[in-house]
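**Student:** quick one, structure for this:
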Amino acid sequence: MKRNHRIALAVLMLFALSGGCPSNKMHRTVSVEENPGYSLAFIEFDDMGEMWDTTQLTRALDVIDRANESPDGAVLITFIHGWQNNASEKSEESGNVAEFKQYLETIAGIADRSGLDNRRLVGVYLGWRGKSGTIPGVNLLTFYDRAGAARRIAGTTSTEVIYRLMKTAKQNRETRVLLMGHSFGGQILESAVTQAMVGELLGGGEGEVDFPADLVVLINPAAKSIQAKQFIGMLDRSHLEVYRTAPDGTR
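**Tutor:** Below is the predicted model:
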């Protein structure tokens, strides 16, 4: 009887990981959308952390370059989703796409009504296969499998992509950059940004370093605290201080 239970559980887990699963594929053959008030670009990664199509990054950088042509610069908001989401337009596969669009529409509407900000709004959605099962309840068994995928994605390629987005945006000094990551997306973002920051801070020599992100937000990140602890330790050993300068020149 016990053996039969083990077999049934194994079959159930196999079904959860392979049956009724969103395909391991690129969802966005058209990766740039132009909407009233904002532009939206998609960049997608496969399960090994490689970009499905490197031209998605090229097109995203082109969108940022065009937005930067304004003397007022642009606002770049980059979002990395977490578990149970991907870059699909289908609501049953990913609710985060529609939610991110609504978020951008809200910000664009506030800026338009206030008349205080002429910056072009650019959103970049970084997608990966965070959802590998669609059967309610059974899809919870995919947690550890998707955690492994997130660790693979939090590597060199994602660091390159995020760093290129930031550096391109900051070619216009007036442009503002916000990075957001949720759940496993927070883990990916923390890993990528930490590596970029270590290179920026330690490779800049003496003096001040202007890091190319104005705000980094980790929303319920599925990441171990040891990474943040090690980063704080590096700042302490290097006697580095992190601060922002207000418009009036005060820190």
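**Student:** other SSEs contacting the helix or strand containing residue 165?
**Tutor:** Secondary structure from DSSP states H and E places residue 165 in helix 156-169. Packing partners of helix 156-169 (3 or more CB pairs under 8 Å, 6 or more residues apart in numbering; DSSP states H and E): helix 54-67, strand 74-80, strand 120-127, strand 176-182, helix 184-203. Where C-beta positions appear, they are placed from N, C-alpha and C, glycine not excepted.
**Student:** export the ones you listed as CSV, with columns for mean neighbour count.
**Tutor:** Listed next are the helices and strands packed on helix 156-169 as CSV, based on neighbours: other CB atoms under 10 Å:
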stretch, mean neighbour count
helix 54-67, 18
strand 74-80, 26
strand 120-127, 25
strand 176-182, 22
helix 184-203, 20
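**Student:** and of these, who's closest to residue 102?
**Tutor:** Closest approach to residue 102 among these (CB to CB): strand 120-127, 11.0 Å.
**Student:** poorly predicted segments of the stretch 151-251 of the chain, please.
**Tutor:** 204-208 (pLDDT under 70).
**Student:** hmm, 80 instead?
**Tutor:** 199-211, 223-224, 240-245 (pLDDT under 80).
**Student:** isn't residue 242 right up against residue 235?
**Tutor:** Yes: counting by CB atoms under 8 Å, residue 242 touches residue 235, with 7.0 Å between them.
**Student:** could you pull up phi and psi at residue 47?
**Tutor:** phi -70, psi -10 (degrees, to the nearest 10).
**Student:** residues near it, how many?
**Tutor:** Using other CB atoms under 10 Å, the number of residues around residue 47 comes to 15.
**Student:** residues touching it, list them.
**Tutor:** 24, 128, 129, 149, 152 (CB atoms under 8 Å, 6 or more residues apart in numbering).
**Student:** ok, now with 10 Å
**Tutor:** Residue 47 is in contact with 24, 128, 129, 132, 145, 146, 148, 149, 152, 153, counting by CB atoms under 10 Å, 6 or more residues apart in numbering.
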